[in-house]
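Asker: Below is the structure, and that's it, no one-letter string:
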């Protein structure tokens with residue numbers, strides 16, 4: 001009976017150690033996801049800014065054509 005309890009305790013401690021390792025890998029994935037989200041937001045901001053500049057240039061070009 002004592003032998004079975006000892007084996008169960010070893011299995012339990014092993015499972016506990018594995019769970020800590022899994023949490024670390026989840027935190028690493030969350031960090032990567034956050035980095036990617038920030039990068040995507042920055043890129044989206046840049047694209048929107050470029051689109052705004054192009055729209056302004058198009059509007060100025062339309063005004064020049066209507067005057068000429």
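Answerer: Here it is on my side, so go on. Remember, predicted model here, so these are calculated numbers, not experimental data.
Asker: Need the pLDDT of the most centrally placed residue in the chain.
Answerer: What sits nearest the mean C-alpha location of the chain, by CA atoms, centre = their mean, is residue 33, with 2.2 Å. Note for residue 33: predicted pLDDT of 95.
Asker: where does it fall, helix, sheet strand or coil?
Answerer: Secondary structure, DSSP: H, G, I helix; E, B strand; the rest coil: residue 33 is helix.
Asker: what about it, distance to residue 26?
Answerer: From residue 33 over to residue 26 the distance is 10 Å, taken as CB to CB, to the nearest Å. Glycine gets a C-beta too; all of them are placed from N, C-alpha and C.
Asker: So, low pLDDT: which residues of the chain?
Answerer: Flagging of the chain using pLDDT under 70 yields the residue ranges 66-68.
Asker: one more time with 90
Answerer: Filtered on pLDDT under 90, the chain yields the residue ranges 1-3, 16-29, 59-68.
Asker: what number of residues lie near residue 3?
Answerer: Burial of residue 3 is recorded as 7 neighbouring residues (other CB atoms under 10 Å).
Asker: What separation is there between residue 37 and residue 31?
Answerer: 11 Å.
Asker: Next: residue 18.
Answerer: With distances taken as CB to CB, residue 18 is found 21 Å from residue 31.
Asker: Residue 29: how many residues sit nearby?
Answerer: Using other CB under 10 Å, residue 29 has 10 other residues around it.
Asker: try residue 31
Answerer: Using other CB under 10 Å, residue 31 has 10 other residues around it.
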